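Q: Sharing a sequence plus its predicted fold:
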Amino acid sequence: MNVHHLELFFYVAKYEGITAAVRKMPYGIQQPAVSGQILQLEHSLGVKLFNRRPFALTKAGEELYDHIYPFFSKMGLIESRLTGEESNTLRLAASAMVLKTHLPIVLGLMKRENPDLKLQLRHVDQSELFKLVQAEEVDLVITTTVGAPAEPLKMKALLEVPIVMIVPKEFPENTFEELLQADEYERGRELKYQLVGMEEHEVVMKAFGAFMNAENAQWEASVRVSALDVIPEYVAQGFGIGIGVEVPGRKISGQVKVIPLPSCPSMTLGVVYQGTLKPLGQQFVDYAKEAATALT
C-alpha cells in the first residue's frame, strides 16, 4: 500500500468526503488528484472503501480508517514536539461570543506570563466543539453544557449560567407563569408570544425543551438564530420573546428585560478536554477560574 494514498484516505474519511478533505487538508492538492489516488488505493486493495454520494464508509473503509487513525491523527502533534512548538502553543475552540467576550482578558494574562505564547483560536458551532477535541485538532474547548460530557471527554467547570427568558421591556409580564396561557386544544399551556431561539440540537434548546415538557407547556420557535448573543436584538425589534443565558458581567440591550426560570436547570460554562491537560492548558484553566470568580 502507498503511504501517501493512505494519508489521503485518512483525510477523506475524517472530513466525510473528497471535496471537504481538499478544502481542509494541511497542504494543497487538487480534487481530481485525490480522487485518482483513492481509486488507485481501492484498486490495489481490491475493495471499495466508501460510497461517494451520500458519503459513507464501507465496512472495509471503516476497518482501514480505524487502523490508520492513531498514526495520522497525531502527525501534527509529533511535528510540534519535534520542532519545539508544542510546549508554548495552545489550541482553543469556542463559540464566537466566548472568543470575543471572555477569552481576550484570560489570554492576555497568560501572554504576560508566557511572552512566547502561541495561540490557535477557532470559532465553530457548539455542536462541532466536542468533535474537535476527540479528533485531537484542539487541546480544549470552552463551552456550555447541561451535565458532564460523555467519556472519554473531561470537563473543568468555570461558571453556572441560568437559562432565562428575554422579553421586551414594555411587556407587563414579570414571571414565567405570566408568559403562559391555556392552549386552544386544552392540552395544557403554551407561551403567549412567538419565540426567538436557536436550532433544536443546541444544548440550551434541549434544556429549555425538557423544562417546558416538565411544565406541561407547549412552545415553538418562530425565529431561529445561530448565536445566543443576537437573540436580545431580535426581541427588541418585536419578533417575540427569547431564550438566553444570564452571564454575570455581560450587559444586554436596554430595550429588553430578563425573566428567570427558577426550576429550569442551569447550564455549566466549562473547559472540555481529553486525556491529560498539558501545562499551558492547566494554566489557562487556572486563569479562567479566576476570571469566572471575579465575574460572580
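A: Sure thing, it's come through. Quantities reported herein were computed from a predicted structural model and do not represent experimental measurements. Numbers count the residues shown, from 1 in each chain.
Q: only C-alpha atoms for contact and neighbour calcs from this point on.
A: Will do.
Q: I figured residue 133 hits residue 149, correct?
A: No: contact criterion C-alpha atoms under 8 Å: residue 133 and residue 149 do not qualify, at 11.7 Å.
Q: Between these two, which is the more surrounded one?
A: The neighbour count for residue 133 versus residue 149, taken as other C-alpha atoms under 10 Å, is higher for residue 133 (21 against 13).
Q: Which strand or helix spans that one?
A: helix 126-134 (DSSP states H and E).
Q: send the alpha carbons of that helix over as PDB?
A: Output in PDB follows, covering the C-alpha atoms of helix 126-134 (Å, rounded to 0.1, in the frame of the first residue of the first chain):
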ATOM      1  CA  GLN A 126     -21.300  24.400  19.600                       C
ATOM      2  CA  SER A 127     -22.400  21.100  18.100                       C
ATOM      3  CA  GLU A 128     -18.900  20.700  16.500                       C
ATOM      4  CA  LEU A 129     -16.800  21.600  19.500                       C
ATOM      5  CA  PHE A 130     -16.600  18.100  21.100                       C
ATOM      6  CA  LYS A 131     -15.700  16.600  17.700                       C
ATOM      7  CA  LEU A 132     -12.600  18.800  17.500                       C
ATOM      8  CA  VAL A 133     -11.400  17.600  20.900                       C
ATOM      9  CA  GLN A 134     -12.000  14.000  20.100                       C
END
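Q: got the buried residues for that helix?
A: 126, 129-130, 132-134 (16 or more other C-alpha atoms under 10 Å).
Q: now do stretch 2-18
A: 5-18.
Q: Give the buried residues for the helix or strand harbouring residue 70.
A: Per DSSP H and E: residue 70 is located in helix 59-72. For helix 59-72, a neighbour-count test (16+ other C-alpha under 10 Å) marks 61, 64-65, 69 as buried.
Q: Output the below-cut-off pLDDT ranges for this protein.
A: Low-confidence segments of the chain (pLDDT under 70): 76-87, 184-187, 249, 296.
Q: Once you drop chain neighbours, what's closest to residue 197?
A: residue 224 (5.0 Å; C-alpha to C-alpha, 6 or more residues apart in numbering).
Q: Pick out the residue nearest the middle of this protein.
A: Note on the chain: the residue nearest the mean C-alpha position is residue 126, at 2.0 Å, using C-alpha atoms, centre = their mean.
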